[in-house]
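[1] what's the 3D shape of this:
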Amino acid sequence: MHHLLHRAQTLLAGVALLFATHTVWAQAPHTVFLEDLTWTELRDLVHQGKTTILVPIGGTEQSGPYVALGKHNARVKVLSQRIAEGLGNALVAPVIAYVPEGGTAPTTSHMRFPGTITVPDEVFKKTLESAANSFKVHGFQNIVFLGDHGGYQKDVQQVVALLNKSWASTGATNGARAIVPEVYYSTSSDGYAQILRQHGIRDDEIGTHAGLADTALLLAVAPQMVRKEAMRSGPKVGQADGVYGGDPRRATAELGQLGIDAIVSKTVQALKASTSAR
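    Prediction:
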């Protein structure tokens, strides 16, 4: 009797293990990031209606002595994740971290500072075009470019216009469309500056690059990338240090979160409107 009971318990344990293993295999990870999915999981999600792909465009550039070089890459990844989650039918492509940042001979713009990486405009545009065509082949219908840096906004707009013209002329489109929601960048720049003014921040603090606005947004999503102690105790930095027209010393994560929330909500709203109207 004891022997039979032991065999029954062993059999039940095996069935339970098999069921648990099958359950694990059947569950796709809860993620919006394309890189975290297998190709079969991605295929199934597209078939289930996740037909919008967000292409985050960052940039690797100097942002003064207090902000790490990957500012745009970290920021656009978090923002894209939140926007995708807000949309509900979107996934997020890998961040494009190599973008036009100036010349190398002679060094111009941010290339005058160590760590900045630049690529020619044509290379950048071809990369975006190739990525979009890849996503179109795999069944995505809305290919959305989210550019976090001001320097290449015109390049992105040109690529979107070229793609839509090309796809429309082939007659073999699956209904795919390239989109650049202008509200994403306008809210992170002029729109956010207006929010900061309403909270008592002066224009000479806000800045256009590596000032309070830039630093606060990063503090809200990746505080480890800001050298807070050195920033708080250090002297005011200027253009020679890579900080343009601003003073980051009063930046806080709380101020940054106001901007992050505005960028996400306005971009989600704009994309829902543009994609549902199709």
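[2] wait, is Leu146 part of a strand?
    Yes - Leu146 sits within a strand when classified using DSSP: H, G, I helix; E, B strand; the rest coil.
[3] surely it touches Val78?
    No - in this structure Leu146 lies outside contact range of Val78 using CB atoms under 8 Å: 11.3 Å. For the C-beta atoms, the positions are set from N, CA and C on the backbone; glycine is no exception.
[4] more neighbours: these two, which one.
    Leu146 (28 against 17; other CB atoms under 10 Å).
[5] ranges for the helices of the stretch 151-278 of the chain?
    With DSSP state H, counting those that start in this stretch, the ranges of helices along the stretch 151-278 of the chain come out as 153-170, 182-186, 192-198, 203-206, 212-221, 228-233, 253-276.
[6] winner for burial among the ones you listed?
    helix 212-221 (a mean of 26; mean count of other CB atoms under 10 Å).
[7] average model confidence for that one?
    In this model, helix 212-221 has a mean pLDDT of 98.
[8] and if you look at stretch 225-243?
    Rounded mean pLDDT across stretch 225-243 is 96.
[9] give the contact list for the nearest residue to Ala193 once chain neighbours are set aside.
    Closest residue to Ala193 in three dimensions, ignoring its sequence neighbours and counting by CB to CB, 6 or more residues apart in numbering: Ile206, at 5.1 Å. By CB atoms under 8 Å, 6 or more residues apart in numbering, the residues touching Ile206 are 193, 196-197, 212-213, 246.
[10] taking those, tell me the two that lie furthest apart.
    Greatest spatial distance in the contacts of Ile206: Arg197 and Gly246, 13.0 Å, computed using CB to CB.
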